[in-house]
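>>> I'd like to go over a predicted model; first the sequence, then the structure.
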Amino acid sequence: MPAVDGLQERVRKLGGILDVAKALVAERDLDRLLKLIVLAASRVVEADRCSLFLVDRARNELWSKVAQGVGTREIRFPMGKGIAGTVAQTNVPVNIPEAYADPRFNAGVDKETGYRTKSILCVPMRSLEGEVVGVLQALNKRGEGPFTDEDEELLSALGGQAAAAINNVLLHQEIEQLFEGFVRASVVAIESRDPTTAGHSGRVARLSVGLADALPRAESAAGKWRGAQLSNDERQELRYAALLHDFGKVGVRENVLVKANKLEPDELEILRGRFETLLAQEELNAERRKVQVLLEKPKKAKALMAEIDGQLDARRRELTGMFEFVLSCNRPTILPEGTFDRLGDIARLTYESPISREMRPFLREDEVVKLSIRKGSLTETERREIESHVTHTFRFLQQIPWTRTLKRVPDIAYGHHEKLTGGGYPRSLKEPQISLPTRMMTISDIYDALTASDRPYKRAVPKEKAYDILGDEAKRGEVDGDLLRVFIQADVPGRAPEEP
């Protein structure tokens, strides 16, 4: 029976729209979504070709990259122009049995493509609020005759589902862009505290993602990680963790964060003033002795005064040498054996305070402690403060309501200073407790810290030297040797993709 057959066909088409609606809801890529909608539209109304145009309200235009039959080039035209533009502007469907009989039809596209348009069905894609998101345009009904009222109804129903899906994807993209902007603003905040490390977070993200991309291709070089691969969501999770791994440095005092030498600049100036006072006192004592010689031994005054000048010059050289030695101790180099003994000898020197007239040591105890730092420029207290940035980072990242696909970002960042041997900080985690993404980021962080441009407290090392240092850490079991082998063999520093 024709009526029953028609009803069954309508039910089939409505079922198809429902199936398509389910697929549309799951799609998050806009280009794939638009292609899916166009294919579904062609099938539902049995059209030879379909096009989908989205409304760009900022430019008052329609645009599309999924017009069947015209390739993948982007098409743009003003609202109100042509049939699609008219439908977008009026929010009213148009069903044209004969295209060339309608003055709104633009035959130029047919001339350009060699296609012959006969019938046209164009419907608005309305959001739940009734706003026109775009239009669906079907060309040439298959078989005989134009598009029917039922086709218009079905295409409008599909357009409503498509509009909701498109709005969801666009909203998802806006949220991603918003979050991306937040992350990048956070990186700017981190690096503004210490301009000498500018770019570090971005480079660590680039290297970490590059290592993740290289791992599936490494085959036997990957060792225990052979066959391991991060999903797209896990890759983004690693990237965000790497970009934000040092955010906790905003909680570290700036004078500690950017400390170039062992003594603070004002401490060094006080020490310099102390040296100049001591030197001035030696010169004053020499002048007093000269006056005494003139009064008591005028006949030998010339020879004795020359002797006093010689002694003063020798003392000046001695004091200058001591101060230059103190300056050398102030720089963050590795101190040789015996240095501490000489610092102690200098500390025992005394001078008379010009204010209180009390005798005071040339070096205070706290200054000796700082100048005796064997490696680097930080005292133990300052080093613990720097190390606290990891905990600050974790606490900050925990405050963010991460999505399900990004929920591990805080934990990945939290472990970037841990060692597989348990000798890292702040939690002294051991190998089984340290995740694959964190291991990748640790290698990337160390490499960039070694090779980054010269800083006040360290010199940059070349790539091969950085590889050797990392190799020594791998031999000690501190970093993952299999991942390091992939990092080196894949030349991740040279081939990793740049940060977007």
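Done, it's in. Note that the coordinates shown come from a computational prediction; the quantities given were computed from them, not determined experimentally.

>>> so what are the domain limits for this structure?
Listed by automatic domain parsing, the domain ranges of the chain are 2-174, 194-256+385-495, 265-377.

>>> please identify which of those domains is closest to G181.
Nearest to G181, of all these, is domain 2-174, at 10.4 Å by Cβ to Cβ. C-beta: built from backbone N, CA, C; applies to glycine.

>>> can you give me how far the closest one is from the chain middle?
Put simply, domain 2-174 sits 40 Å off its chain's centre (Cα atoms, centre = their mean, to the nearest Å).

>>> could you do stretch 426-442 as well?
Centre-to-centre, stretch 426-442 and its host chain are 20 Å apart (Cα atoms, centre = their mean).

>>> repeat that for stretch 432-444.
Distance, centroid of stretch 432-444 to centroid of chain: 17 Å (Cα atoms, centre = their mean).

>>> residues of that stretch that come out buried?
I434, L436, P437, T438, R439, M440, M441, T442, I443, S444 (16 or more other Cβ atoms under 10 Å).

>>> where in the stretch 401-500 of the chain is pLDDT low?
Residue ranges of the stretch 401-500 of the chain with pLDDT under 70: 454-458, 500.

>>> need the buried residues of stretch 432-444 in a markdown table with secondary structure and distance to T113, can you?
Shown next, in a markdown table, are the buried residues of stretch 432-444 (DSSP: H, G, I helix; E, B strand; the rest coil; distance: Cβ to Cβ, whole Å):
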| residue | secondary structure | distance to T113 |
| --- | --- | --- |
| I434 | coil | 58 |
| L436 | helix | 51 |
| P437 | helix | 49 |
| T438 | helix | 54 |
| R439 | helix | 54 |
| M440 | helix | 49 |
| M441 | helix | 51 |
| T442 | helix | 56 |
| I443 | helix | 53 |
| S444 | helix | 50 |
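
>>> go through these and say which is closest to L52.
For the buried residues of stretch 432-444, the closest approach to L52 (Cβ to Cβ) belongs to P437, at 38.2 Å.

>>> tell me the spatial nearest neighbour of the closest one, not counting adjacent residues.
Nearest residue to P437, sequence neighbours excluded (Cβ to Cβ, 6 or more residues apart in numbering): L238, at 4.4 Å.

>>> same question, R272
F323 is the one closest to R272 (Cβ to Cβ, 6+ apart), at 7.7 Å.

>>> again with N140
Per Cβ to Cβ, 6+ apart, closest to N140 is D48, 3.8 Å.

>>> now do the phi/psi pair for the one you found.
phi -70, psi -40 (degrees, to the nearest 10).

>>> now do it against K141, distance only.
Going from D48 to K141 by Cβ to Cβ, to the nearest Å gives 8 Å.

>>> looking only at neighbour counts, state which of those two leads.
The residue with more neighbours, out of D48 and K141, is K141; 20 against 16, by other Cβ atoms under 10 Å.

>>> partners of the more buried one in the sheet?
Taking DSSP bridges, one obtains A47 as the residues bridged to K141.

>>> contacts only, for the residue positioned nearest the centre of the chain.
Closest to where the C-alpha atoms of the chain average out (Cα atoms, centre = their mean) is L243, at 2.9 Å. Under the criterion of Cβ atoms under 8 Å, 6 or more residues apart in numbering, the neighbours of L243 are V183, R184, S186, V187, S201, G202, V204, A205.

>>> now the helices: where do they sit in the stretch 101-250 of the chain?
Counting by DSSP state H, counting those that start in this stretch, the stretch 101-250 of the chain has helices at residues 108-113, 149-193, 200-214, 232-243.

>>> just the CA trace of the helix or strand immediately after the last one in the chain, in CSV.
Sequence-wise, the next helix or strand downstream of helix 232-243 (DSSP states H and E) is helix 254-257. Taking Å, rounded to 0.1, in the frame of the first residue of the first chain, the C-alpha atoms of helix 254-257 are listed here in CSV:
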residue,chain,number,x,y,z
GLU,A,254,62.0,37.6,44.3
ASN,A,255,65.4,38.2,45.9
VAL,A,256,65.7,34.5,46.3
LEU,A,257,64.3,33.6,42.9
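
>>> now for the following helix or strand past helix 254-257, which elements pack on it?
Once the chain leaves helix 254-257, the next helix or strand it forms, by DSSP H and E, is helix 265-296. The helices and strands touching helix 265-296, judged by 3 or more Cβ pairs under 8 Å, 6 or more residues apart in numbering; DSSP states H and E, are helix 301-330, strand 350-352, helix 365-371.

>>> least reliable of those going by mean pLDDT?
Of all the helices and strands packed on helix 265-296, strand 350-352 carries the lowest average pLDDT, namely a mean of 74.

>>> buried stuff in that strand?
Buried residues in strand 350-352, counted by 16+ other Cβ under 10 Å: Y351.

>>> got it, and stretch 459-471?
V461, A466, Y467, L470.

>>> L211 and R235, how far apart?
To R235, L211 is 11 Å away according to Cβ to Cβ.

>>> hang on, I meant E464
Counting by Cβ to Cβ, the separation of E464 from R235 is 28 Å.

>>> ditto for L349
61 Å.

>>> with T391 instead?
From T391 to R235 the distance is 26 Å (Cβ to Cβ).

>>> ok, K224 next?
In terms of Cβ to Cβ, K224 sits 20 Å off from R235.

>>> who's in contact with F487?
With contact taken as Cβ under 8 Å, 6+ apart, F487 is in contact with L207, L211, A214, I443, S444, Y447, L470.

>>> helix or strand: which one has it?
Using DSSP H and E, F487 sits within helix 481-489.

>>> and the next helix or strand after that helix, what's buried?
Going down the chain from helix 481-489, the next helix or strand is helix 492-495, by DSSP H and E. Buried residues in helix 492-495, counted by 16+ other Cβ under 10 Å: V492, P493.

>>> over to stretch 357-367?
F362, L363, E367.

>>> can you list the residues you listed in JSON lines and add distance to I175?
JSON lines is the format used below for those (distance: Cβ to Cβ, whole Å):
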{"residue": "F362", "distance to I175": "63"}
{"residue": "L363", "distance to I175": "58"}
{"residue": "E367", "distance to I175": "54"}
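
>>> now do the contacts for the nearest residue to H389 once chain neighbours are set aside.
Of all residues not flanking H389 in the chain, G248 sits nearest, at 3.8 Å (Cβ to Cβ, 6+ apart). By Cβ under 8 Å, 6+ apart, the contact set of G248 is S388, H389, V390, T391, H392, T393, F394, R395, F396.

>>> of the residues you listed, which is the nearest to D411?
Among these, and counting by Cβ to Cβ, the member closest to D411 is F394, at 7.9 Å.
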